[in-house]
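Visitor: please work out how this folds:
(one chain, ligands or ions: 1)
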Amino acid sequence: MKHFAVERWIDFSRKLVGPEEALQMRKHLEAGCSECKDLAEWTARLVSCCANMGANEIPESATRTARAIFPVRVKERRRIPMRLPAGGFHAVLSAGKKD
Ligand SMILES: [Zn+2]
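Guide: Numbering: from 1, shown residues only. As a prediction, this is how the structure comes out:
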């Protein structure tokens, strides 16, 4: 029996597989594959959990507390001096010319 990989079950749960593949996967489950049934149930719970996470709004107080605990440190960018070749850009541009 050919099983379906976990990423196929994730796509199945997210309704991202094509109709033909979805039909084959449903038939596979109906044939009684317990290994894929466990994966399909797990991915369905995972997709449901992830969908619900986006619906929860984070309270402003929690955001402030998190920022106090983990302050954002912006690293100052190091300035790299620009170096021009001897003769400047004109020397670079005229190097490719053949007269
Ligand atoms: Zn299977």
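Visitor: kindly check the end-to-end length of stretch 65-78 for me.
Guide: Stretch 65-78 has an end-to-end distance of 31 Å (CA to CA, to the nearest Å).
Visitor: average pLDDT across that stretch?
Guide: Stretch 65-78 carries an average pLDDT of 82.
Visitor: and stretch 20-31, by the same measure?
Guide: On average, stretch 20-31 scores 97.
Visitor: any chance you could list what contacts that stretch?
Guide: 1, 3, 4, 8, 9, 12, 17, 36, 37, 40 (CB atoms under 8 Å, 6 or more residues apart in numbering). For the C-beta atoms, the positions are set from N, CA and C on the backbone; glycine is no exception.
Visitor: can you rerun that using 7 Å?
Guide: 4, 8, 12, 17, 36, 37, 40 (CB atoms under 7 Å, 6 or more residues apart in numbering).
Visitor: residues of this protein that sit close to the ion?
Guide: 3, 33, 35, 36 (CB under 5 Å from the ion).
Visitor: and the first one, what pLDDT?
Guide: Okay, so that is residue 3. Per the predicted model, pLDDT is 95 at residue 3.
Visitor: please list all residues in contact with it.
Guide: 33, 35, 36.
Visitor: kind regards, and thank you for your time.
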